[in-house]
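Student: pasted the sequence and its predicted model underneath.
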Amino acid sequence: MENISKKDLLWIYRKMKTSRYFEEKMEKVYLEGKQPVFNIGAGPVPGEMHLSNGQEPAAASMIVHLTKNDTVTATHRPHHEAIAKGVDLKKMTAEIYGKKTGLGKGKGGHMHLFDPDVKFSCGGIVGAGIPHAVGAALANKKRGENWVAVAFIGEGAANTGAFHESLNLAALWNLPFIVVIEDNKWGISVAKKNATSVTSNAIRAKAYGIKGYSVKDNDPIEMFKVSKEAVERARKGEGPSIIEIKTYRYLGHFQGDPELYRNKEEVPKLKEKDPIERLKKEMLKENVATVEDFKKMDAEIYKEVDKAYEFAVNSEYPEPEDALEDVFC
């Protein structure tokens, strides 16, 4: 934890804890009306739901180095990145509930969050956010700004054409672009070892003559250090980077996923190394914060998230005729 400021450590903890509490709350809310027989269309939050419990370090320990002017694109599992980037929590929650006070007036849902105020977007198509981020990085370079663009993807997206074509152009044009690969070992129900020819996607950086980093064991401190170097390089005009972090997915690919494809002992073992608790213990050990400090932070986090859910629940649904608005032909 040396050379990491108290401010940054507290920020990372707060963002990871906020994301975790938000997801744990959504896990319960989402299942309302969908039991005892799972019905994806029932309940206050219909449709698919992909939660990021366990993957918090990938987002918080990267985005701590970014500014409001830096661009972030995310995947179909986007809440931890959205929260870390500063997306309006009330509007984000309302969007997930399909309310007209949401980021997209309730029309996008949880996989299509868009907040131009903090330059954040996500989408449900695997790998689709990578070209968008490269485009933002190109714009930054042409404008002479030192802004960077970061695309978060899963390890499966590193096997798509969008990944390779985008990295080729980013390297060719020496763009301020970083792709963060969240390797949670599973592409829906397919193990990474059965779908990817390399043990680490970080080594693919050599094919494009760019920098590649690998972060082991979902480590928020190591992710902070690696991301800091990659962002600084991008801002100085030293080109793009690939960062792969070995992270964990505590829940199924989607809520309602029976998870027949993985050993039942996998998740309990992963939770024994929970990154939020590991960071908290280290911060206590190094006197960065006290037990009382954490209690106060947690209380503030719970209050903020609870208010966001309350706002969403009490917001109005769009009118049927609103479906004809914001339509582009």
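Tutor: That came through fine.
Student: which residues touch the residue positioned nearest the centre of the chain?
Tutor: In the chain, the C-alpha nearest the mean C-alpha coordinate belongs to Glu81, at 3.1 Å (Cα atoms, centre = their mean). Glu81 makes contact with Ala58, Ala59, Ile63, Val72, Ala74, Phe120, Cys122, Phe152, according to Cβ atoms under 8 Å, 6 or more residues apart in numbering. Just so you know, the C-beta spots here come from the backbone N, C-alpha and C atoms, and that holds for glycine as well.
Student: so it is in which element?
Tutor: helix 79-85 (DSSP states H and E).
Student: in that helix, which residues are buried?
Tutor: Neighbour-count burial for helix 79-85, with 16 or more other Cβ atoms under 10 Å as criterion, is recorded at His79, His80, Glu81, Ala82, Ile83, Ala84, Lys85.
Student: ok, which pair from those is furthest apart?
Tutor: Farthest pair in the buried residues of helix 79-85 (Cβ to Cβ) is His79 and Lys85. Separation: 10.7 Å.
Student: tell me where the stretch 51-200 of the chain has strands.
Tutor: Assigned by DSSP state E, counting those that start in this stretch, the strands in the stretch 51-200 of the chain fall at 71-74, 114-115, 120-122, 149-154, 177-183, 186-187, 190-191.
Student: put the alpha carbons of the fourth one into PDB.
Tutor: Yep, that's strand 149-154 we're talking about. Output of strand 149-154 as PDB, limited to C-alpha atoms (Å, rounded to 0.1, in the frame of the first residue of the first chain):
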ATOM      1  CA  ALA A 149     -10.600   6.300 -23.100                       C
ATOM      2  CA  VAL A 150     -11.000   3.000 -21.200                       C
ATOM      3  CA  ALA A 151     -13.000   0.000 -22.400                       C
ATOM      4  CA  PHE A 152     -14.000  -2.600 -19.900                       C
ATOM      5  CA  ILE A 153     -14.700  -6.100 -21.300                       C
ATOM      6  CA  GLY A 154     -15.000  -9.700 -20.200                       C
END
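Student: residues making contact with that strand?
Tutor: Here strand 149-154 has contacts from 58-59, 62-63, 66, 70-75, 77-78, 81, 126-127, 129-130, 132-134, 136-137, 140, 163, 166, 175-184, 187, using Cβ under 8 Å, 6+ apart.
Student: kindly report the same for the last one.
Tutor: Here strand 190-191 makes contact (Cβ under 8 Å, 6+ apart) with Gly156, Lys185, Tyr261.
Student: avg pLDDT for it?
Tutor: For strand 190-191, mean pLDDT rounds to 94.
Student: shift numbering so it begins at 384
Tutor: Let's use 384 as the start, then, which means that last one is strand 573-574.
Student: mind listing the helices for this protein?
Tutor: Ranges of helices within the chain are 389-413, 439-446, 462-468, 472-479, 512-526, 544-555, 603-618, 649-654, 658-668, 674-697, based on DSSP state H.
Student: packing partners of the first one?
Tutor: Okay, so that is helix 389-413. Judged by 3 or more Cβ pairs under 8 Å, 6 or more residues apart in numbering; DSSP states H and E, helix 389-413 is in contact with helix 439-446, helix 462-468, helix 472-479, helix 603-618, helix 658-668, helix 674-697.
Student: report the angle between that helix and helix 439-446.
Tutor: Going by axes from the mean of the first three to the mean of the last three Cα atoms, to 10 degrees, helix 389-413 is angled at 140 degrees with respect to helix 439-446.
Student: which parts of helix 389-413 are buried?
Tutor: Buried-residue list, helix 389-413, by 16+ other Cβ under 10 Å: 391-406, 408-409, 412-413.
Student: repeat for the fourth one
Tutor: Neighbour counts using 16+ other Cβ under 10 Å place Leu472, Lys473, Lys474, Met475, Thr476, Ala477, Glu478, Ile479 of helix 472-479 among the buried residues.
Student: picking up where we left off before, most neighbours among the contacts of strand 573-574, please name it.
Tutor: Within those, most neighbours by other Cβ atoms under 10 Å means Gly539, with 21 neighbours.
Student: OK, contacts around the closest residue to that residue other than its chain neighbours?
Tutor: Nearest non-adjacent residue to Gly539, counting by Cβ to Cβ, 6 or more residues apart in numbering: Gly570, 3.3 Å away. Neighbouring residues of Gly570 by Cβ under 8 Å, 6+ apart: Gly537, Glu538, Gly539, Ala578.
Student: ok, the buried residues of helix 462-468 vs Lys679, which is closest?
Tutor: Taking these together and measuring to Lys679 by Cβ to Cβ, the closest member is Ile466, at 19.3 Å.
Student: and Asp500, how many neighbours?
Tutor: 11.
Student: hang on, it packs against Met475?
Tutor: No. Under the criterion of Cβ atoms under 8 Å, Asp500 makes no contact with Met475, lying 11.8 Å away.
Student: the closest residue to Lys483 other than its chain neighbours - how many residues pack around it?
Tutor: Leaving aside its chain neighbours, Lys483 sits nearest to Pro701 (4.3 Å; criterion: Cβ to Cβ, 6+ apart). Counted with other Cβ under 10 Å, residues neighbouring Pro701 total 16.
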